[in-house]
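Asker: sequence first, then the predicted structure:
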Amino acid sequence: QVQLVESGGGLVQAGGSLRLSCVASGSIFRLNAMGWYRQAPGKQRELVASIFSTGTTNYADSVKGRFTISRDNAKNTVYLQMNSLKPEDTAVYYCYISFPSDNWVPERWGQGTQVTVSS
């Protein structure tokens, strides 16, 4: 069973930066995708960024040019570098992992980490 542990959230002023990390452990098929969703109060969970084990990345339009997702396959770790943060980036950020056997639907979620951007 796969487990995900996140770290790196916090409080930052607008224009600042944060780096989120997510470590996966357990039975992990080599071909997978990891990434981040976020959920703000009263809003639906939305995809922020994803990265496949092949290196292919995807970003939400709202974060393109500001956020960078990367991964270390040897460590089963995914990172989200968030720069030029805006108050509207405030949300709980959830790491996920998915596999082709599940049609890439997220199979496991992290516990969530709060990101708060003050204006």
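Answerer: Noted; the coordinates are in hand.

Asker: got the contact list for the spatially most central residue of the chain?
Answerer: The chain has Trp36 as the residue nearest its centroid, 2.3 Å off, counting by CA atoms, centre = their mean. The contact partners of Trp36, taken as CB atoms under 8 Å, 6 or more residues apart in numbering, are 20, 22, 47-50, 69, 78, 80, 93-96. Every C-beta, even on glycine, is put in place using the N, C-alpha and C of the backbone.

Asker: not counting sequence-adjacent ones, nearest residue to it?
Answerer: Distances taken as CB to CB, 6 or more residues apart in numbering put Val48 closest to Trp36, at 4.4 Å, once the chain neighbours are dropped.

Asker: go on, Ser17?
Answerer: Excluding the flanking residues, the one nearest Ser17 by CB to CB, 6+ apart is Asn83, at 4.7 Å.

Asker: phi first, then psi, for that neighbour.
Answerer: Backbone torsions of Asn83, given as degrees, to the nearest 10, read phi -110, psi 160.

Asker: sorry, back to before: counting neighbours, what do you get for the residue nearest to Trp36?
Answerer: By the other CB atoms under 10 Å criterion, the neighbourhood of Val48 contains 23 residues.

Asker: partner strands of the helix or strand hosting it and their direction?
Answerer: With secondary structure defined by DSSP states H and E, Val48 is part of strand 46-52. Partner strands and pairing direction for strand 46-52 (DSSP bridges) are strand 33-39 (antiparallel), strand 57-59 (antiparallel).

Asker: doesn't Arg19 make contact with Val115?
Answerer: No - with contact defined as CB atoms under 8 Å, Val115 and Arg19 do not form a contacting pair (10.7 Å).
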